[in-house]
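>>> Pasting a predicted model and its sequence here:
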Amino acid sequence: MRRGRSRSFANGLAALALSLGCAHAPPSPDVDPHELSLPDLQGRPVSLAGFSGKVLLVNFFATWCFPCLGEIPLLVELQTKCGADGLQVVGIGLDREAEVVLQPFADFYHLNYPVLVGADRFADPGLPLGPVHTLPTTVLISRDGKVLARWEGMLPRPALDALVDRALRK
């Protein structure tokens, strides 16, 4: 009994930390996240506006980032489990040599969500999703383009599941 209570308490703390946000700088409130447009792995421009009406889980990563690698199975699983309910995971690779490393990376890890090329363009605080100074950084966006949560570092699974579930039910 005591063990269950500890786990519940820990999950509650993780949810609280996640809901308060762990970011150093929030996204610019004046910019709609759907305005972000980046090339995909084939060089075609992709705008987040194309995913309007979906809950977006945008994950900034790099192929050399060990914590980022640890999140890949979770992101693939979430896309598989919740995609039909309206979740869309989008990866934004920040590798400088993106054209060379991102496609083999996506193939190797069987990514079932789009990967966009961000390179080193994400240090500006005026960006729609805020500056990215830590990898991984993940942003949860509602169906109507509101940033629901943003956190730096690895995703706490129970809190993430709760936030995604809540966003999908709205």
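Happy to help now that I have it.
>>> Please count neighbours and contacts with C-alpha atoms only from this point.
OK.
>>> Surely residue 129 touches residue 37?
No - in this structure, residue 129 is not within contact of residue 37 by CA atoms under 8 Å, at 11.7 Å.
>>> Specify which residue of the two has the higher count of neighbours.
Taking neighbours as other CA atoms under 10 Å, residue 129 and residue 37 compare with residue 129 leading, 28 against 16.
>>> and the gap between that one and residue 109?
To residue 109, residue 129 is 25 Å away according to CA to CA, to the nearest Å.
>>> Please apply the same query to residue 96.
From residue 96 to residue 109 the distance is 20 Å (CA to CA).
>>> By mean pLDDT, which helix or strand of this protein comes out lowest?
Using mean pLDDT, DSSP states H and E, helix 2-20 stands out as the lowest-scoring helix or strand of the chain, at a mean of 41.
>>> Distance from the helix or strand following that helix to the middle of the chain?
Using DSSP states H and E, the next helix or strand after helix 2-20 towards the C-terminus is strand 37-39. Using CA atoms, centre = their mean, to the nearest Å, the mean C-alpha position of strand 37-39 is found 15 Å from that of the whole chain.
>>> Quick one: residues contacting residue 155.
Under the criterion of CA atoms under 8 Å, 6 or more residues apart in numbering, the neighbours of residue 155 are 71, 138.
>>> Now do the SS call for it.
Following DSSP: H, G, I helix; E, B strand; the rest coil, we place residue 155 in the coil state.
>>> Adjust the sequence numbering to begin at 634 for everything that follows.
Right, with 634 as the first residue, what we last looked at is residue 788.
>>> how close does it sit to residue 669?
From residue 788 across to residue 669, the span is 23 Å (CA to CA).
>>> Residue 694 too?
According to CA to CA, residue 694 and residue 669 sit 16 Å apart.
>>> Between those two, which has more neighbouring residues?
Neighbour totals were compared for residue 694 and residue 669, and residue 694 leads with 26 against 14 (other CA under 10 Å).
>>> Name the residues linked to that one by a beta bridge.
For residue 694, the beta-bridge partners are residue 726 (DSSP bridges).
>>> What distance do you get for it to residue 802?
Residue 694 is 27 Å from residue 802, by CA to CA.
>>> Same check on residue 761?
Separation of residue 761 from residue 802 (CA to CA) stands at 24 Å.
>>> okay, those two: which has more neighbours?
Neighbour totals were compared for residue 761 and residue 802, and residue 761 leads with 20 against 8 (other CA under 10 Å).
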